[in-house]
Structures are given as structure tokens and as C-alpha cells.
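Student: Below are the sequence and a predicted model for it; my questions follow.
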Amino acid sequence: MVVEGLRNAFGDHVIHENLSLKVKRGEVIGVVGGSGTGKSVLMRSIIGLQQPTAGEIQVLGHDMMNPHHNDDIDIRSRWGVLFQGGALFSTLTVGENVEVPLKQFYPDIPDDLRNEIARFKVRLSGLPEKAAFNYPSELSGGMRKRAGLARALALDPELLFLDEPTAGLDPIGAAAFDRLTRELKETLGLTVFLITHDLDTLYAICDRVAVLADKQVIAVGTIPELLALDHPWIQEYFNGPRGRAALAAKGDPEVESAMAGPDAERPDGNSAGMDSAGMTGA
Ligand SMILES: Nc1ncnc2c1ncn2[C@@H]1O[C@H](COP(=O)(O)OP(=O)(O)OP(=O)(O)O)[C@@H](O)[C@H]1O
């Protein structure tokens with residue numbers, strides 16, 4: 001996935017200006033940034049729900065800024081999205097929610113097969129199969145997230161977009177959700193674009209982290225690479241008390257040594273990991 005020179009604005013309010021980001025196939029990329037820096041708007045631009053005023057967006061080799069109608073339908077079936085809060089239809093059961101994209105993209109699948117696929121996705125998301133017959137209001141917050149994930153996985157996506165998946169979960173539920181995301185990524189070979197405020201999630205499952213600030217992605221790299229930068233927001237975020245607590249819980253020696261040395265080497269004196277070598281563009 002490649003985003004180049006992206007500009008998003010609502011009237012005079014410019015959210016992104018010349019924003020660029022490359023996501024490698026098969027990685028879990030975490031997207032962090034202060035509230036209102038435009039993480040969700042970035043995700044919405046990538047999946048075609050927000051029309052940018054300038055820039056280029058390529059997803060799985062498809063030009064999202066100039067979509068051809070038929071290709072457009074094809075590309076939308078190749079990703080799954082878990083919106084903040086789950087965004088389930090409250091009048092449908094969990095199973096019926098999972099069936100919505102199946103009906104939309106594969107209307108000819110017989111009913112019983114579609115039901116079976118939905119029940120399988122419910123199990124894949126770590127819910128008991130009987131949860132397929134529950135309404136969202138009958139589930140806990142954590143179970144609703146898993147139901148949203150089941151729906152995001154309905155079409156066997158290559159790319160998974162998760163918008164703050166652990167927000168509102170207790171720490172045990174959040175850790176379990178992180179494990180599930182990592183397992184699914186590994187077993188299904190997914191590329192995961194994950195917006196989060198959750199430092200534990202970043203340490204637990206992200207291969208790289210992209211930092212949004214000043215209307216752009218100011219840095220992207222592994223956590224040790226980001227720690228080597230002296231940008232105030234990055235230092236405050238990763239090296240502040242919450243960042244240190246998250247690290248202590250994870251106990252990663254590579255990160256610990258990066259935290260220990262404030263003058264650690266900067267990669268090329270530029271933003272961490274911003275080289276384009278080896279990018280295969282999911
Ligand atoms: N449809 C819209 N119309 C007008 N302004 C919008 C719209 N959607 C988002 N914005 C504005 O764009 C900015 C970025 O919003 P966005 O939701 O992407 O932030 P975020 O980084 O995801 O924040 P948070 O971490 O709080 O969820 C905010 O100032 C928001 O008010």
C-alpha cells in the first residue's frame with residue numbers, strides 16, 4: 001500500500017498536507033498520533049470513504065484515486081475493516097452481520113453455505129459458535145469487537161484495517177485481542193493497518209509504527225528506530241511514564257537499550273525507516 005502526497009481538508013481545516021506512507025505486504029503497521037491528527041481520516045481515505053483533495057493512493061496495486069467501477073468492487077472485497085466501536089447492525093444477529101458482506105459480494109452463495117461461512121468466521125474470531133445467534137446488544141464490549149472482526153474477515157481479506165480495536169477493553173481483554181490479531185495475521189498472511197493509542201498493542205504486535213503529527217507521517221519504523229529520534233511527541237509518547245510501563249510489561253531488550261541511550265544512532269539522520277528499499281507495497 002502506498003500513499004503519496006496526500007492532502008485532506010474540511011473547508012479551511014487542513015488535516016493532511018503532503019502525507020506519505022508505504023505499508024509492506026504482510027506487516028502489522030501501527031498508526032499513532034495525538035487526538036485529531038487524522039488517523040481515522042487517513043484510513044477512510046485509503047479505503048475510499050473520504051475523497052482527498054490531492055495525492056496518490058495505491059492499495060494492492062490498485063489506484064484508489066482513479067477507481068474504475070468494476071475494479072472498485074473487486075478491491076473492496078480484498079480488505080476487511082473493523083471500525084471504532086464495531087459498527088455492527090444492531091437489528092441483525094452477529095451471524096447475520098457477518099453475512100452482510102458475503103451477500104453483497106457473493107449473492108449467489110446458497111443460504112446454508114453462507115450461514116456456515118459466517119459461523120466459521122465467528123469461531124475464527126474467538127467467539128463461541130452460538131454467539132452467531134446473539135444480537136450485538138447481548139454481547140460484552142470485547143465480544144462485540146470480536147464480532148466486528150468476524151465481519152471484517154468475512155471475505156477472506158488480504159488486508160485488515162483496525163481502528164482502535166482495543167479501546168474500551170480491560171487490559172486482559174485487550175491483550176487477548178492483540179494475541180488474536182497476531183495469530184490471524186500469521187495464519188492468514190494478513191497485512192494489518194492498525195490505528196491505536198494502546199502502547200501495549202504497539203509493543204505486542206506491530207512490526208513497525210507510523211507516527212502522525214504536523215499533518216504528515218513524521219516517522220515510520222520499529223519502536224527502537226523511533227526511540228532514536230528526538231522528536232518531542234515521539235519521546236513523550238514512547239519514553240513517558242506510560243511508554244516505559246508498557247515496555248516493562250513487554251521486557252524487550254532491544255527497546256530497553258534504545259531507551260537507555262538518548263543519543264542512539266539516527267538512521268541516516270532522517271525519519272526512521274523512511275527508506276523505500278524492499279517495499280513490496282501491499
Ligand atoms: N466528516 C468530517 N467533517 C469535518 N471534519 C472532520 C470530519 N471527519 C474528521 N474531521 C476532523 O478531522 C480531524 C481528524 O479526525 P480523525 O478522526 O481522523 O482524528 P484521529 O487522529 O483519528 O483522532 P482520535 O485519536 O481522537 O480518534 C479532526 O479535527 C476531526 O474533527
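Tutor: Structure's in. What do you need? These figures come from a predicted structure and were not determined experimentally. Numbers count the residues shown, from 1 in each chain.
Student: which bits of the protein sit near the ligand?
Tutor: Selection of the chain residues close to the ligand by C-beta under 6 Å from any ligand atom yields 10, 15, 33, 35-41. For the C-beta atoms, the positions are set from N, CA and C on the backbone; glycine is no exception.
Student: Give the ranges of residues in the stretch 151-282 of the chain that sit below the confidence cut-off.
Tutor: 251-282 (pLDDT under 70).
Student: the helices in it, which residues?
Tutor: With DSSP state H, counting those that start in this stretch, the ranges of helices along the stretch 151-282 of the chain come out as 171-188, 199-205, 223-227, 232-239, 241-250, 253-260.
Student: just to revisit the earlier point, would you turn the residues of the chain next to the ligand into CSV with secondary structure, pLDDT and neighbour count?
Tutor: As requested, those are exported to CSV (DSSP: H, G, I helix; E, B strand; the rest coil; pLDDT from 0 to 100; neighbours: other C-beta atoms under 10 Å):
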residue, secondary structure, pLDDT, neighbour count
F10, strand, 95, 10
I15, strand, 97, 22
G33, strand, 95, 21
S35, coil, 92, 6
G36, coil, 92, 11
T37, coil, 95, 22
G38, coil, 96, 23
K39, helix, 96, 20
S40, helix, 95, 18
V41, helix, 96, 20
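Student: Give me whichever of the helices of the stretch 151-282 of the chain is most buried.
Tutor: Of all the helices of the stretch 151-282 of the chain, helix 223-227 has the most neighbours on average by mean count of other C-beta atoms under 10 Å, namely a mean of 23.
Student: Not counting its neighbours along the chain, what's nearest L194?
Tutor: L162 (4.6 Å; C-beta to C-beta, 6 or more residues apart in numbering).
Student: swap in I57?
Tutor: Going by C-beta to C-beta, 6+ apart, I57 has M64 as its nearest residue, at 4.1 Å.
Student: wait, the one you found sits on P52?
Tutor: No - counting by C-beta atoms under 8 Å, M64 does not reach P52; the two are 9.2 Å apart.
Student: Need the overlap of contacts for the two.
Tutor: Taking C-beta atoms under 8 Å, 6 or more residues apart in numbering as the criterion, M64 and P52 both touch S45.
Student: what's near enough to touch T201?
Tutor: T201 makes contacts with 30, 165-166, 174, 178, 194, as judged by C-beta under 8 Å, 6+ apart.
Student: For it, give its distance to the ligand.
Tutor: 14 Å (C-beta to the nearest ligand atom, to the nearest Å).
Student: likewise I172?
Tutor: Where the ligand is concerned, I172 sits at a distance of 23 Å (C-beta to the nearest ligand atom).
Student: State the distance from that residue to L180.
Tutor: Separation of I172 from L180 (C-beta to C-beta, to the nearest Å): 13 Å.
Student: For burial, what's the neighbour tally of the nearest residue to S137 once chain neighbours are set aside?
Tutor: Once flanking residues are discounted, S137 sits nearest to S90: 6.2 Å by C-beta to C-beta, 6+ apart. For S90, the count of nearby residues is 8 (other C-beta atoms under 10 Å).
Student: show me the contacts for the residue nearest to I57.
Tutor: With the criterion set at C-beta under 8 Å, 6+ apart, M64 makes contact with 45-46, 48, 57-58, 75.
Student: hey, what's the residue nearest to L194 bridged with?
Tutor: Per DSSP bridges, the residues bridged to L162 are L82, L194.
Student: That one is in contact with D198, isn't it?
Tutor: No - under the criterion of C-beta under 8 Å, L162 is not in contact with D198, lying 10.9 Å apart.
Student: Settle it for me: which of these two has more neighbours?
Tutor: Each of L162 and D198 has its neighbours counted (other C-beta under 10 Å); L162 has more, 27 against 24.
Student: In contact with the more buried one, which residues?
Tutor: 82, 149, 152, 181, 192-196.
Student: Try it again at 10 Å.
Tutor: 28, 30-31, 43, 80-84, 145, 148-149, 152, 177, 181, 192-196, 201 (C-beta atoms under 10 Å, 6 or more residues apart in numbering).
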